[in-house]
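**Q** Structure of the sequence below:
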Amino acid sequence: MAVNAGISGARLLSDGMGDSALARFDRDVLAVPGVRAVVLLLGINDIAWPGTPFAPNDPPARFEAITAGYRALVERAHAGGIRVIAGTLTPFAGALPGTPLAASYYSPSKDLLRRQVNAWIRESGTFDAVVDFDRALQDPAAPNQLAARFDSGDRLHPGDAGNRAMADAFDFAALRDRRARAARSRVRKSRD
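**A** A predicted model of the protein is given here:
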């Protein structure tokens with residue numbers, strides 16, 4: 001069984017169009033019976049919203065705050081016996097064209113932070129597994145943009161083909177293998 005607790009406008013650290021992930025994690029993940037794994041794909045709104053009409057007075061997002069937020073969720077999940085699979089943040093250059101957000105939603109400095117967060121997600125070892133949605137959806141000729149074939153039309157959210165590419169990015173065999181390795185490791189530790 002799968003449960004989708006994603007909300008439009010979700011943010012990791014601050015409330016947005018609903019409670020932040022930090023505020024709702026217990027309710028939406030830990031309190032759900034039978035949850036064994038959670039996929040986190042959060043942070044782009046934390047990066048992009050400051051300075052836009054959504055959050056005009058918010059200071060720019062900080063790498064340290066975002067990674068601390070992720071670590072807090074991972075710690076809570078692991079304490080509840082739940083594995084955490086992180087998704088890298090997808091490209092968003094040119095997002096929301098024709099809207100009042102278009103001029104302020106994306107900037108090179110915001111994209112630099114997104115790329116730094118993605119490198120940390122991939123390399124930190126914080127998560128039980130990583131799904132590289134960034135690489136799956138980016139335009140090879142312009143990696144800061146969604147590939148046109150995956151774009152829903154707003155240059156931010158994937159369309160049907162993009163959602164299929166995201167699903168295809170999951171290596172279910174590797175996820176099962178990691179789970180098996182983790183279980184073997186726990187058994188070895190308990191014998192020591």
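**Q** Do I have it right that residue 60 meets residue 109?
**A** Yes: the criterion here is CB atoms under 8 Å, and residue 60 meets it with residue 109 at 7.3 Å. Heads up, the C-betas are built off the backbone N, CA and C, glycines and all.
**Q** Now do the SS call for residue 65.
**A** helix (DSSP: H, G, I helix; E, B strand; the rest coil).
**Q** Which residues lie in contact with it in this structure?
**A** residue 13 (CB atoms under 8 Å, 6 or more residues apart in numbering).
**Q** How far does stretch 131-145 sit from its chain's centre?
**A** Relative to its parent chain, stretch 131-145 has a centroid offset of 14 Å by CA atoms, centre = their mean, to the nearest Å.
**Q** Equivalent analysis for stretch 78-85, please.
**A** The answer for stretch 78-85 is 16 Å, by CA atoms, centre = their mean.
**Q** where along this structure do the helices fall?
**A** 21-25, 44-48, 63-79, 102-105, 108-123, 133-137, 160-169, 172-191 (DSSP state H).
**Q** Averaged pLDDT, the fifth one. What do you get?
**A** Think helix 108-123. Across helix 108-123, the average pLDDT comes to 98.
**Q** From the contact counts, what lies against it?
**A** Applying 3 or more CB pairs under 8 Å, 6 or more residues apart in numbering; DSSP states H and E, one finds that helix 108-123 contacts helix 44-48, helix 63-79.
**Q** most tightly surrounded among those helices?
**A** helix 44-48 (a mean of 26; mean count of other CB atoms under 10 Å).
**Q** So which elements touch that one?
**A** Secondary elements touching helix 44-48 (3+ CB pairs under 8 Å, 6+ apart): helix 63-79, helix 108-123.
**Q** so who does the residue nearest in space to the middle of the chain touch?
**A** Against the mean C-alpha coordinate of the chain, by CA atoms, centre = their mean, the closest residue is residue 41 at 2.1 Å. Residue 41 sits next to 6, 86-87, 89, 133 when contact means CB under 8 Å, 6+ apart.
**Q** Which secondary structure element of the protein has the lowest mean pLDDT?
**A** Every helix and strand in the chain was compared by mean pLDDT, DSSP states H and E; the lowest is helix 172-191, with a mean of 48.
**Q** just to revisit the earlier point, including distance to residue 23, could the helices and strands packed on helix 108-123 go into JSON lines?
**A** Converted to JSON lines, these look like this (distance: least, CB to CB, whole Å):
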{"stretch": "helix 44-48", "distance to residue 23": "13"}
{"stretch": "helix 63-79", "distance to residue 23": "11"}
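**Q** Residue 145 touches residue 139, doesn't it?
**A** Yes: Residue 145 is in contact with residue 139 according to CB under 8 Å; the separation is 4.7 Å.
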